[in-house]
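Chemist: What would the 3D arrangement of this be:
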Amino acid sequence: MATLATRNSASLLTRIAGFVFITLMVTSCYYDNEEYLYPELPGGECDTTGVTYSGVVSPLMASNCNGCHSPAAPSGGVVTSTYEGLKTAVNNGSFRKAINHETGASPMPKNGNKLPDCDLKKIDAWINQGAPQN
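Modeler: Numbers count the residues shown, from 1 in each chain. Model prediction:
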């Protein structure tokens, strides 16, 4: 009987040790880039290099602006869902003023907070490049 109890105890210890080992291995492999997860942290980096219309600006418009500024119902006569419409607003200066909540334009998003600073910097970088359709 003592041998059966010893074997069961050893088997239980082996299972526990295995569980602890696997748990440590899985949790130790977890890694996140703080700048990527929290770009708005003080001192956090905002990468404005390589900003393109198709890769950065258009997705920002889709998630923040196009619901109200599409060709079907262009609020304020401004269309942000097409390059041509957005370029018109950029060229006349209203777009930059609106998203930065500056005087002379209706703050956008309407009744909402400004876009995150990093997003605004990316849009500015694109505008400073001449707002190309890239």
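Chemist: so what are the domain limits for the chain?
Modeler: Domain assignment for the chain, taken from automatic domain parsing, gives 2-31, 53-128.
Chemist: hey, which of those domains is tucked in deepest?
Modeler: Highest mean neighbour count of the domains of the chain: domain 53-128, a mean of 16 (counted as mean count of other Cβ atoms under 10 Å). Placement of C-beta: from N, CA and C, glycine included.
Chemist: For the strand or helix carrying Lys122, enumerate the helices and strands it packs against.
Modeler: Assigned by DSSP states H and E, Lys122 belongs to helix 117-128. Contact here means 3 or more Cβ pairs under 8 Å, 6 or more residues apart in numbering; DSSP states H and E; on that basis helix 117-128 packs against helix 58-64, helix 94-99.
Chemist: If we use 6 Å, what do you get?
Modeler: Other helices and strands packing on helix 117-128, by 3 or more Cβ pairs under 6 Å, 6 or more residues apart in numbering; DSSP states H and E, are absent; none qualifies.
Chemist: Just the CA trace of it, in CSV.
Modeler: Presented in CSV, the C-alpha positions along helix 117-128 are these (Å, rounded to 0.1, in the frame of the first residue of the first chain):
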residue,chain,number,x,y,z
ASP,A,117,-2.5,64.0,-30.9
CYS,A,118,-0.6,61.3,-32.8
ASP,A,119,-3.4,61.0,-35.4
LEU,A,120,-3.4,64.8,-35.9
LYS,A,121,0.4,64.7,-36.3
LYS,A,122,0.1,62.0,-38.9
ILE,A,123,-2.5,64.0,-40.8
ASP,A,124,-0.3,67.1,-40.6
ALA,A,125,2.7,65.2,-41.9
TRP,A,126,0.6,64.0,-44.9
ILE,A,127,-0.7,67.6,-45.5
ASN,A,128,2.9,69.0,-45.3
